[in-house]
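A.B. asks: Let's see this in three dimensions:
(4 chains)
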Number of protein chains: 2
Amino acid sequence: MTIYEVAEAAGVSVATVSRALNGGRVAPSTRERVLQVAGRLGFSPSPAARVLATGKSRAIGVVIPDATGPLYGRMLRGIGLELAQAGYTYLVESSERDPGREGQVLRDLSARDVEALVLIGSGLGPQALAAMQGELPALVLVEREGAELAAPMVTIDNESAAERATRYLIEHGHERIAHIAGPRRAGRERLAGWRRALAAHGLPPGPVVDGGFTEAGGYRAAQELIERDGFTAVFVASDRMALGAYRAFREAGLRVGADVSLVGFDGLEFGAYLDPPLTTLRQPAQQLGQAAARAALAVTRGERPENVVLSCELIPRASVMEYGGGP
Amino acid sequence: MTIYEVAEAAGVSVATVSRALNGGRVAPSTRERVLQVAGRLGFSPSPAARVLATGKSRAIGVVIPDATGPLYGRMLRGIGLELAQAGYTYLVESSERDPGREGQVLRDLSARDVEALVLIGSGLGPQALAAMQGELPALVLVEREGAELAAPMVTIDNESAAERATRYLIEHGHERIAHIAGPRRAGRERLAGWRRALAAHGLPPGPVVDGGFTEAGGYRAAQELIERDGFTAVFVASDRMALGAYRAFREAGLRVGADVSLVGFDGLEFGAYLDPPLTTLRQPAQQLGQAAARAALAVTRGERPENVVLSCELIPRASVMEYGGGP
DNA sequence: TATCGTTATGTAAGCGGTTACATAAGCACA
DNA sequence: TGTGCTTATGTAACCGCTTACATAACGATA
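C.D. replies: Numbers count the residues shown, from 1 in each chain, chains lettered A, B, ... in the order given. Model (predicted):
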């Protein structure tokens, strides 16, 4: 079923059909008739032909660090929803947290003619990206370094969220609050938020240990904290690290939610099923995806969209208890 | 950068370039030269033009029931890995568990020229699918009803896995084993496996209650079981339902792993963090995806691939305890 | 040497849309 | 009634590939 058959059936030329279908100048009566015929014939234009003719693929590429990450599904849903409204689709590829592979993935997606690339999470550094930018379509960065890259960014307000989390602990009577930190921009910002909350309440920063955003790292970090002592609560920069911390505390004979209070970050599902359930900050994953898609659509139109910053929601659960006592 | 520029630079015609690039008949020396020039110029052929010329899009469509489902990410990874090797990509869309929407999604993907469609999990019934088959490309069904559909199927061996799970409980001394069942093919097969294991050991089937594959359903089903009594262990047809069951048992003052043993199904991440950790059967999600992609590639070649049946792995955890005593 | 079969390469016609440009029709106005 | 402007529609080129068919070159064979 091609546009020629529709033209023939409607008794007009292909140009008129094309115009009727794409909102060009056509007499209303003609448009009506063409649309009707096209509908009856079940005509749907060949995307390939359209791409070839217009040079616009109506597709954007999305790169995620890890196909199995629980947040990425939600982000992709947001992206898909938003793009569908504009008649766009997306191609996803995962870098599997390997910067080298990410480079390939980027090239691969560009070779597939995507009009924009949404890069989610960490991967190639800003300088590497800058070096490639010439051969790539417009970028949109989601929760990723690269402010210097002249690409619209969609992020969460890590610092405010971290501050909120820490304040929550303070409001529950904690005065000596440690931090298990993570790397990169997200890690730094969360650390800063923790600092800011403590400073705002005139409290001294408790010990900080890096946990590398992994479960094993969280475990080791918590062990180190336990050794150093001097805290009644910990703000952990990710749920995954909090998982490791639970284990370390349990092994040390400390009860989370009683002997020590914990707040995580991300809002991953398993947090609700830990014992005790983990207080955490939920990332607005789907909204991040939607915002990213909107930005991507904007750049394909040649616009330069504003950066977007979304905030996280605190989910209070039993891992935080009121702290009453002395040292 | 088009094939014409490459042809010009290499001093040959576009036909020769095309042949050199696609493995047609070309003199080895010419091929060498063309490849070199193309490489130097960074030529990468326009997918749209290629699709238009060949009628093959080198893309397959994937429909999942739910973008946030933890298993789908793994399946998509498997699909992506397998397709990439063949130079194919995929487009994903989610039906959001709405059969009507799935119909749209299928049409949408077909309109996007995919060469095959991989349908994962439940959705449109076989008859509805059969009715649409005329307007769709070849289908591949993953863990889905539709044996009558003349489409290759990729499934897990639900029945064997369920039998294995039940046998595991029997080996731990349980003789009165209940079942929380789920709907559809997967539910029926798991029920059958449970039955078979009991029969094989000459044990009477314990009570069976339907839990609809949801957490709330699992909760209610467990409540009903508790009321009926007469079991020391439960084989629950999904981890999600097991979650509800944990809650019901806890509320009834029964300790999972002590007063009652539980085995789930799916191998979702949170199961490891329940208290006690849930014994379950891990679905080979990534392999399912790979097998589906292989099947899809085969059908695009006009082959009729064999059905694939994969098995699940039992993950023993603390939700199952040795049962020693009497009633 | 004329003929034929191979093999390597070139020419040009699509594939199915979009769109610049040409044309025709209709109307207002002098 | 002729002129000019606006509006609706048609014609055909083009997007960048693939590939059927034509052609040329070259040995091998009669």
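
A.B. asks: When you work out contacts or count neighbours from here on, use the C-alpha atoms and nothing else.
C.D. replies: OK.

A.B. asks: what does chain A have sitting close to DNA strand C?
C.D. replies: Chain A has residues A:1-4, A:14-16, A:18-19, A:21-22, A:43-46, A:49-50, A:52-54 near DNA strand C, with proximity defined as C-alpha under 7 Å from any atom of the strand.

A.B. asks: all strands in the stretch 151-300 of chain A, in order from the N-terminus.
C.D. replies: Along the stretch 151-300 of chain A, the stretches classed as strands by DSSP state E, counting those that start in this stretch are A:153-156, A:177-181, A:208-210, A:233-236, A:261-263, A:280-282.

A.B. asks: is it possible to export these to TSV including mean pLDDT and distance to chain B?
C.D. replies: What follows is these, written out as TSV (pLDDT from 0 to 100; distance: least, C-alpha to the nearest C-alpha, whole Å):
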stretch	mean pLDDT	distance to chain B
strand A:153-156	96	20
strand A:177-181	96	20
strand A:208-210	96	23
strand A:233-236	97	18
strand A:261-263	97	16
strand A:280-282	97	15
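
A.B. asks: can you put those in a markdown table and add distance to B:R33 and mean neighbour count?
C.D. replies: Listed next are the strands of the stretch 151-300 of chain A as a markdown table, based on distance: least, C-alpha to C-alpha, whole Å; neighbours: other C-alpha atoms under 10 Å in any protein chain shown:
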| stretch | distance to B:R33 | mean neighbour count |
| --- | --- | --- |
| strand A:153-156 | 43 | 24 |
| strand A:177-181 | 54 | 27 |
| strand A:208-210 | 53 | 20 |
| strand A:233-236 | 58 | 30 |
| strand A:261-263 | 62 | 29 |
| strand A:280-282 | 56 | 26 |
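
A.B. asks: Could you point out which of those sits nearest A:L83?
C.D. replies: strand A:153-156 (16.0 Å; C-alpha to C-alpha).

A.B. asks: Kindly export the closest one (C-alpha atoms) in CSV.
C.D. replies: Coordinates of each C-alpha in strand A:153-156 appear next as CSV, following Å, rounded to 0.1, in the frame of the first residue of the first chain:
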residue,chain,number,x,y,z
MET,A,153,20.7,18.5,31.3
VAL,A,154,18.1,16.7,33.2
THR,A,155,19.0,16.0,36.8
ILE,A,156,17.6,15.4,40.2
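
A.B. asks: Where does the stretch 201-327 of chain A get nearest to DNA strand C, which residue?
C.D. replies: Nearest residue of the stretch 201-327 of chain A to DNA strand C (C-alpha to the nearest atom of the strand) works out as A:R301 at 13.5 Å.

A.B. asks: And the pLDDT at that residue?
C.D. replies: What the model reports for A:R301 is a pLDDT of 90.

A.B. asks: same deal with A:A272?
C.D. replies: For A:A272, the pLDDT comes out at 89.

A.B. asks: Apart from its chain neighbours, what residue comes closest to A:E189?
C.D. replies: Leaving aside its chain neighbours, A:E189 sits nearest to A:E159 (4.8 Å; criterion: C-alpha to C-alpha, 6 or more residues apart in numbering or on different chains).

A.B. asks: wait, what's in contact with that neighbour?
C.D. replies: A:E189, A:R190, A:L191, A:A192, A:G193, A:W194 (C-alpha atoms under 8 Å, 6 or more residues apart in numbering or on different chains).

A.B. asks: same check, this time on A:F265
C.D. replies: A:V236, A:A237, A:S238, A:D239, A:T280, A:L281, A:R282, A:Q283.

A.B. asks: Phi, psi for it please.
C.D. replies: phi -160, psi 130 (degrees, to the nearest 10).

A.B. asks: what number of residues lie near the residue lying closest to it once chain neighbours are set aside?
C.D. replies: In space, A:F265 comes closest to A:S238 once its chain neighbours are excluded; the distance is 4.3 Å by C-alpha to C-alpha, 6+ apart. For A:S238, the count of nearby residues is 28 (other C-alpha atoms under 10 Å in any protein chain shown).

A.B. asks: Touching, A:S238 and A:L268? I think so.
C.D. replies: No: between A:S238 and A:L268 there is no contact under C-alpha atoms under 8 Å: 9.2 Å.

A.B. asks: Okay, buried residues for stretch A:54-70 please.
C.D. replies: Neighbour-count burial for stretch A:54-70, counted by 16 or more other C-alpha atoms under 10 Å in any protein chain shown, picks out A:57-68, A:70.
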